[in-house]
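In: Predicted model and sequence follow; I will ask about them next.
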Amino acid sequence: MQLRFTKMHGLGNDFVVVDLITQRFRLKPHHIRRLADRHFGIGCDQVLTVEIPTQPDVDFRYRIYNAEGSEVEQCGNGARCFARFVRDKRLTGKQKIKVETLAGIIELELTPNRHVRVDMGEPILDPKRIPFTADQQAQTYALEADGQQLQVGAVSMGNPHVVLNVEDTTSAPVDHLGAILESHPRFPQRVNVGFMQVLDRQHIRLRVFERGVGETLACGTGACAAVVAGITQGKLDETVSVKLPGGELEIHWAGPGNAVIMTGPAATVFEGQIQI
Ligand SMILES: N[C@@H](CCC[C@H](N)C(=O)O)C(=O)O
């Protein structure tokens, strides 16, 4: 069949967005890998689907698949593109949109300057719920990897993240250590790996090796997790500008009991159809 899609990106973290409200198709892992393939398909970091919600009082169901074919719980840059997509396609006229994800309900709001503000929900710091093997919750954890003792932060934004503090993101061993940590046995569902350089209390640089993809130009949940880790460790203020290779995000977290708020851009690149 001919599947209609829209190619989008949030700071260079790119997506193939498939509307499964106005067309019917059952996407299987091999379809996801084909769509995501940069040589034999369209090419993207994640495939996002727009679906009818299964719960009351929610506008849409938002599903996320990594390029390798696995379905995941959450995607921050994707959430901003999702909001742009449903408005541009006139699937809703609402300014504030509620969507269900595998990680729970999140709220998306289009701002007057065409950015999208996302209420990402509360971060999870309890190791059991990340999931991460540790005796008890702590600001940082000792973790052995690649023959080194690392001190890391661990946070879930619905999906699991480990955050390392580095002197300089430019020279950080993102590919090498990212690949090792992604499948570290203490993260039973694997993990996204963030390398954070604190510039001052309101600014960080960040590179993320994403689970199921590799390094991407930006990771929205990774930015939220890094800021939560930095605030928990007493290094950052409540509002932080996160500089990623693909651009900048603003992250706000007022501490335990509060949701993380992410604000940033979302862009459409092109539309097409693919025989699948
Ligand atoms: N790019 C995303 C995160 C996508 C999912 C992630 N790779 C995972 O496996 O959890 C973002 O912007 O948050």
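Out: Everything's here; your move.

In: Now do the strands in the stretch 101-250 of the chain.
Out: 104-110, 116-119, 141-145, 148-156, 160-165, 192-200, 203-210, 214-216, 239-244, 247-253 (DSSP state E, counting those that start in this stretch).

In: Any idea what W253 is bridged to?
Out: Beta-bridge pairing for W253 (DSSP bridges): V260.

In: do A142 as well
Out: With DSSP bridges as the rule, A142 is bridged to Q151.

In: So which bits of the protein are right by the ligand?
Out: 13, 45-46, 66, 72, 75-78, 159, 192, 210-213, 216, 219-221 (Cβ under 6 Å from any ligand atom). Using the backbone N, CA and C atoms, a C-beta is placed for each residue, glycine as well.

In: Sort out for me which of these are in helices.
Out: Using DSSP state H, the members of those that fall within helices are 76-78, 220-221.

In: If we only consider those residues, which is nearest to S183?
Out: Ranked by distance to S183 (Cβ to Cβ), those are led by T221 at 18.5 Å.

In: follow-up on the earlier one: output the strands of the stretch 101-250 of the chain as a markdown table; include the columns mean pLDDT.
Out: Listed next are the strands of the stretch 101-250 of the chain as a markdown table, based on pLDDT from 0 to 100:
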| stretch | mean pLDDT |
| --- | --- |
| strand 104-110 | 97 |
| strand 116-119 | 98 |
| strand 141-145 | 98 |
| strand 148-156 | 98 |
| strand 160-165 | 98 |
| strand 192-200 | 99 |
| strand 203-210 | 99 |
| strand 214-216 | 98 |
| strand 239-244 | 98 |
| strand 247-253 | 98 |
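
In: Turn the ones you listed into CSV, columns for mean neighbour count.
Out: Conversion of those to CSV gives the following (neighbours: other Cβ atoms under 10 Å):
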stretch, mean neighbour count
strand 104-110, 19
strand 116-119, 21
strand 141-145, 15
strand 148-156, 19
strand 160-165, 25
strand 192-200, 22
strand 203-210, 25
strand 214-216, 19
strand 239-244, 22
strand 247-253, 21
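
In: Let me have these in CSV, adding distance to I52 as columns.
Out: Formatted as CSV, these follow (distance: least, Cβ to Cβ, whole Å):
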stretch, distance to I52
strand 104-110, 15
strand 116-119, 21
strand 141-145, 41
strand 148-156, 27
strand 160-165, 28
strand 192-200, 29
strand 203-210, 28
strand 214-216, 29
strand 239-244, 32
strand 247-253, 29
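
In: Assumed M262 was part of a strand.
Out: Yes - with DSSP: H, G, I helix; E, B strand; the rest coil as the criterion, M262 is part of a strand.

In: Please give me every residue in contact with it.
Out: Contact partners of M262, counting by Cβ atoms under 8 Å, 6 or more residues apart in numbering, are 76, 79-80, 117-118, 120, 220, 223-224, 249-251.

In: what's the neighbour count on V174?
Out: Burial of V174 is recorded as 21 neighbouring residues (other Cβ atoms under 10 Å).

In: could you list every residue that touches it?
Out: 193, 195, 207, 209, 215.

In: Hmm, the second one is touching E215, no?
Out: Which is F195. No - applying Cβ atoms under 8 Å as the test, F195 and E215 come out as separate, 9.4 Å apart.

In: any shared contact partners between the two?
Out: Overlap of the contact sets of F195 and E215 (by Cβ under 8 Å, 6+ apart) consists of 174, 178, 207-209.

In: and of the residues you listed, the nearest to D200?
Out: Among the shared contacts of F195 and E215, and counting by Cβ to Cβ, the member closest to D200 is R207, at 18.3 Å.
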